[in-house]
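> Predicted model follows, preceded by the sequence.
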Amino acid sequence: MSDTIEYGALMHRAMRSLIHEVLSEVQEAGNLPGAHHFFITFDTMHPDVEIADWLSDRYPGEMTVVMQHWYDDLEVTDEGFSVTLNFGDSPEPLYIPFDAIKTFVDPSVEFGLRFESQDEDVEQLPEPRLGAEIPAQEPKDEPTPDAKTGDVVSLDNFRKH
């Protein structure tokens, strides 16, 4: 056992578990309830991400996808999810591991999760952040609804100095 409690790592697991549960419920229901929709930003360079070459060429580093009106073949596993999305009338299958997700936002209820990396050290996990912040990069092929943004709460505020 470690000498310290790794709250950052525990928070990351809890936040990714929440995303897993939400997507699993959508998969089980077969559609998104009400006005819910998701903006999901992920690291396109993550070794387990599977996207078409033209998408990784167009979005090197990160990409934001929207799950709203049209998506197909949503399948959620313990490690990630696969879904087919429409890019300019071209359906494309994607596989996104939960570890590759940088933001998960549902603007219909002003909910968002953001995973920020403060150091690129392998041993240090990105700092979890909570809030309803809309990702800066949005796909050009999907209409973007007006959404309110909220405050991001940093865990740094609660740490002993």
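That came through, no problem. What you see is a predicted model; the values in this text were computed from it and never measured.
> where does this protein dip in pLDDT?
Flagging of the chain using pLDDT under 70 yields the residue ranges 1, 116-161.
> in it, which spans are strands?
38-43, 62-67, 71-76, 80-86, 91-97, 101-106, 111-116, 127-131, 152-154 (DSSP state E).
> how close does residue 99 get to residue 31?
Distance, residue 99 to residue 31, using Cβ to Cβ, to the nearest Å: 26 Å. Glycine gets a C-beta too; all of them are placed from N, C-alpha and C.
> which of the two has more neighbours?
Of the pair residue 99 and residue 31, residue 99 is the one with more neighbours under other Cβ atoms under 10 Å, namely 16 against 9.
> from memory the more buried one sits against residue 46, does it?
Yes: taking Cβ atoms under 8 Å as the definition, residue 99 is a contact partner of residue 46 at 6.7 Å.
> Give me the neighbour count for the spatially closest residue to residue 93 that is not a sequence neighbour.
Nearest residue to residue 93, sequence neighbours excluded (Cβ to Cβ, 6 or more residues apart in numbering): residue 84, at 4.8 Å. Neighbourhood size, residue 84 [other Cβ under 10 Å]: 14.
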